[in-house]
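K.L.:
Take a look and give me a structure for this.
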Amino acid sequence: ETSRCMIQVQTKDFTTKELDWWGKYNINLELLKMFNVFSIQAVFLNGRLNATSTEYSPIYGYYFGKKNGFELWKIYFPKRTKYRFLLNNSVVQGLYQIDGIKSDYIVITKSHKDVITLRSFGIYAIAPQSESVVMDEKTINYLKSNFKTIIFNADWDRAGKLFMINNRKKYGGICMTFTNRKIWEKDFSDNVAKFGPNKMENLIKNLKQRLKL
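P.N.:
Got it, this is the predicted structure:
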């Protein structure tokens, strides 16, 4: 859900159980701090209590700074089956964390969690707030001035394929995804959780050799 609304939160320390959950995706506390990810006790929407965290239904918040007096948040409810996100901004996720970095390639993926998991393997990545967008030209020009190759990575479904195709058509680059759902999970972070870091390290090594990166 995206709207111009006021989101306020009450944060808390990460519990061991929460850190273990993030650890499945090769994400540790240091990375959570780097990417401004918080454990949330309570969420307030336009001044009213919207949700509270429990042991069985944790809440996480991605913080993107302030604009016009509003705190910019994306609230993540991982245990929900619908309405899993609440946000009030269109900030490109992970963009702050590549400031000043130059490298051979960058991945434009589809979620903040994937951005952080990729970074745990030494891969720079960003993600728009939605797969339905075409990246803006200013951001792509910035990336092209700092990274030699742009890789678009999204789910192998209609939304993901359109995201990759439309962006590549406008800006060039490489499209890469997990097509065989009998073997692979839908995205990078889920595959890390399923197969472990070592198998994904080998996958990355093979892909870099094939793409000459």
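K.L.:
tell me the centre residue of this protein?
P.N.:
Ranked by distance to the mean C-alpha position of the chain (Cα atoms, centre = their mean), the top residue is H112 at 1.4 Å.
K.L.:
I'd say that residue and A127 touch.
P.N.:
Yes: counting by Cβ atoms under 8 Å, H112 touches A127, with 6.0 Å between them. Glycine gets a C-beta too; all of them are placed from N, C-alpha and C.
K.L.:
Common neighbours of those two, please.
P.N.:
Common neighbours of H112 and A127, counting by Cβ atoms under 8 Å, 6 or more residues apart in numbering, are 93-94.
K.L.:
what's around F121, how many residues?
P.N.:
15 (other Cβ atoms under 10 Å).
K.L.:
Setting aside sequence neighbours, what's the nearest residue to it?
P.N.:
Nearest-residue entry for F121: I204, 6.0 Å, with adjacent residues in sequence omitted and distances by Cβ to Cβ, 6 or more residues apart in numbering.
K.L.:
ok now do the residue nearest to the centre of the chain, which residues does it touch?
P.N.:
Counting by Cβ under 8 Å, 6+ apart, H112 has contacts 35, 37, 62, 74, 76, 93-94, 127.
K.L.:
Those residues: which two are farthest apart?
P.N.:
Y76 and G94 (14.7 Å; Cβ to Cβ).
K.L.:
What residues of stretch 195-212 count as buried?
P.N.:
Neighbour counts over stretch 195-212 (16 or more other Cβ atoms under 10 Å) mark 200, 203-204 as buried.
K.L.:
before we move on, what about stretch 55-62?
P.N.:
Neighbour-count burial for stretch 55-62 [16+ other Cβ under 10 Å]: 58-62.
K.L.:
With stretch 38-54 instead?
P.N.:
38-40, 43, 45, 50-51, 53.
K.L.:
Ok, stretch 176-194 next?
P.N.:
Buried-residue list, stretch 176-194, by 16+ other Cβ under 10 Å: 176-178, 184, 186-193.
K.L.:
mind listing the strands for this protein?
P.N.:
7-12, 37-45, 48-52, 59-67, 70-76, 85-87, 103-108, 125-126, 147-153, 174-176 (DSSP state E).
K.L.:
who's in contact with the shortest one?
P.N.:
In this case it means strand 125-126. 92-95, 98, 106-109, 114-115, 118-119, 139, 143.
K.L.:
Please apply the same query to the last one.
P.N.:
Under the contact criterion Cβ under 8 Å, 6+ apart, strand 174-176 has outside partners 149-153, 164-165, 168, 207, 211.
K.L.:
run the last query once more with 7 Å
P.N.:
For strand 174-176, contacts defined as Cβ atoms under 7 Å, 6 or more residues apart in numbering pick out 149, 151-153, 164, 168, 211.
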